[in-house]
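Enquirer: show me the folded form of this:
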Amino acid sequence: MHLLVAGSYAIAGVSEWSARLPGASLTAISVPLLYSIGREAFGQRTPAVFAALVYLTFLPVVRNGRLAMLDGAVLCFMLLMVWCLLRSRRDSRYALGIGIGFGLICLTKGVMLGLLLGAIALLFLLWDTPRLIALPYLWAGVAIGSLPAAFWYGAQWLHYGQQFLGVSVVDQSFRRIWTPVENHAGPPWYYVLELLKYGFPWLLFLPLAFKRVWQNRTLSWAKLVLVWSGIYLTAISLMATKLPWYILPLYPALALAVGAQLTQFWESRWIDMKQYYTPTYSRSWVGIFAFFAVVGWGGSLYFAKFSPEPEPDLELILASVGISMTAVAVLVARQNPQFLSVLIWGSYLSLLLLMTSEHWVWELAEAYPVKPVAEIVRQGVPPNQRVYTSYLYSRPSLNFYSDRQVIPASPERLLELWSSSPQPYFLLDSKPLKALELQPQTILDVSEGTETWILITRDN
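Expert: Next comes the predicted model:
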């Protein structure tokens with residue numbers, strides 16, 4: 001992934017767009033890959049289409065897939081591995097792709113995740129098609145895929161020695177299983193809460209979907225969903241380190257389950273080209289969709305009339321949610337299966353509006369605006385010079401926009417660096433600047449905004 005981003009920089013220059021392009025492209029490729037998995041698993045087009053559309057409109061997949069992170073690439077390589085696994089039941093040569101997908105995952109996000117996802121694929125094969133375990137193509141593919149990862153890890157060990165094994169392999173990988181890394185801890189139900197927060201509207205259909213999965217557990221697609229979702233959710237829930245994006249590889253399995261359930265809704269409503277209105281859809285769904293319609297309309301009205309600052313983007317996004325959810329609530333009340341079409345298109349349009357606005361990376365609004373601060377750092381600090389800040393935690397976006405490394409430090413550490421560094425550069429807000437009494441100092445620049453940040457250095 002780092003090589004892809006570097007290549008994007010070389011072609012298109014360093015920018016937000018070029019940094020996010022490789023990850024976003026691989027995430028986009030994962031959508032037709034999931035459709036292909038659905039075709040292989042279900043043997044029909046309709047549930048595969050529904051599964052792909054559900055996956056396409058999961059907010060965490062869309063949002064995290066666009067960020068300059070490793071997770072969009074992991075989704076793509078994992079789905080490539082699963083598709084080759086299913087395809088190899090008809091053509092054994094595709095088993096080569098299983099190992100290649102495994103190797104790409106290991107090169108992207110480490111051996112631990114590769115072993116976990118590889119174990120899921122292996123257990124599915126043992127349950128569904130054990131004869132494939134003995135395929136020479138399978139183990140040849142594993143060897144082909146593992147060799148680049150093995151050479152890379154070997155090169156790192158030769159260069160960094162024990163430090164590489166201790167930091168990269170243990171501390172930043174396997175240690176996450178039993179110890180919260182960088183204080184990212186959470187209860188075992190952490191990821192269930194993540195689903196509740198960001199799984200709408202498809203979360204609504206998950207209980208019925210998994211009931212259907214269990215009823216069809218002798219079928220290949222149901223086995224895949226059970227093994228995939230059950231093992232992966234259990235594994236990340238038991239890990240001590242909890243981060244929101246760890247749940248992303250679970251969403252394709254959920255999309256397959258929901259796609260199967262939506263197909264039943266769609267096809268059971270149509271018999272001999274006539275629509276029958278026998279009660280099928282829960283009446284509680286009407287209230288839930290109506291509630292979100294009220295939230296959409298209310299939020300749109302607030303940002304249009306009562307917000308201290310005009311937010312036309314949020315007004316439009318929430319209006320789209322309000323219109324979509326209103327139409328869905330009415331169609332569900334009428335027991336009309338066309339509510340699925342409206343729900344999918346409404347979700348897609350609302351997400352499209354969100355992604356084209358400035359609000360989709362909402363973490364940026366949880367702290368001071370980065371770009372003005374990054375500008376004073378970039379203008380005032382020489383290249384390759386470290387900057388120390390009184391802010392509590394590191395902000396990668398500040399490092400990116402300033403093209404400097406901005407490192408958080410405690411007051412004691414700042415005092416030590418001020419006296420020991422030949423030319424220290426500090427980024428401080430007004431309170432630490434006053435409390436530390438750093439002298440002699442030169443104020444290089446000041447960023448005005450919701451918070452005032454002062455860039456200073458020692459006057460030599």
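
Enquirer: which residues of the stretch 1-150 of the chain fall in strands?
Expert: In the stretch 1-150 of the chain, no strands are found when defined by DSSP state E, counting those that start in this stretch.

Enquirer: buried ones in stretch 136-143?
Expert: 137-138, 141-142 (16 or more other C-beta atoms under 10 Å). The way it works is simple: take the backbone N, C-alpha and C, and place the C-beta from them, glycine included.

Enquirer: same question for stretch 22-38.
Expert: Neighbour-count burial for stretch 22-38, counted by 16+ other C-beta under 10 Å, picks out 22-27, 29-31, 33-38.

Enquirer: can you list the domains in the chain?
Expert: Under the assignment automatic domain parsing, the domains of the chain span 2-266, 273-360, 367-458.

Enquirer: so of those, which one's packed in deepest?
Expert: Ranked by mean neighbour count, those are led by domain 2-266 with a mean of 18 (mean count of other C-beta atoms under 10 Å).

Enquirer: could you work out the end-to-end span of that one for me?
Expert: End-to-end distance for domain 2-266, by C-alpha to C-alpha, to the nearest Å: 43 Å.

Enquirer: quick check: mean pLDDT across that domain?
Expert: Averaging pLDDT along domain 2-266 yields 92.

Enquirer: and of the buried residues of stretch 22-38, the nearest to residue 309?
Expert: The closest of the buried residues of stretch 22-38 to residue 309 turns out to be residue 24 (C-beta to C-beta; 29.2 Å).

Enquirer: ok, the residue nearest to the closest one when sequence neighbours are not counted to residue 17 distance?
Expert: Nearest-residue entry for residue 24: residue 66, 4.9 Å, with adjacent residues in sequence omitted and distances by C-beta to C-beta, 6 or more residues apart in numbering. Using C-beta to C-beta, to the nearest Å, one obtains 11 Å as the distance from residue 66 to residue 17.

Enquirer: now do residue 41
Expert: Note on residue 41: its distance to residue 17, by C-beta to C-beta, is 35 Å.

Enquirer: follow-up on the earlier one: now the residue nearest to residue 24: how far from residue 266?
Expert: Residue 66 is 30 Å from residue 266, where distance means C-beta to C-beta.

Enquirer: do the same with residue 139
Expert: Where residue 266 is concerned, residue 139 sits at a distance of 41 Å (C-beta to C-beta).

Enquirer: what of residue 451?
Expert: Residue 451 is 52 Å from residue 266, by C-beta to C-beta.

Enquirer: please apply the same query to residue 306.
Expert: Separation of residue 306 from residue 266 (C-beta to C-beta): 40 Å.

Enquirer: repeat that for residue 11.
Expert: Taken as C-beta to C-beta, the span from residue 11 to residue 266 is 43 Å.

Enquirer: how about residue 345?
Expert: Here residue 345 is placed at a distance of 14 Å from residue 266 (C-beta to C-beta).

Enquirer: next step: the buried residues of stretch 136-143 restricted to helices.
Expert: Members of those lying in helices (criterion: DSSP state H): 137-138, 141-142.

Enquirer: who are the packing partners of whichever helix in the chain runs longest?
Expert: Longest helix of the chain, by residue count under DSSP H: helix 16-42. Counting contacts by 3 or more C-beta pairs under 8 Å, 6 or more residues apart in numbering; DSSP states H and E, helix 16-42 packs against helix 2-12, helix 45-56, helix 59-66, helix 71-87, helix 220-238, helix 251-268.
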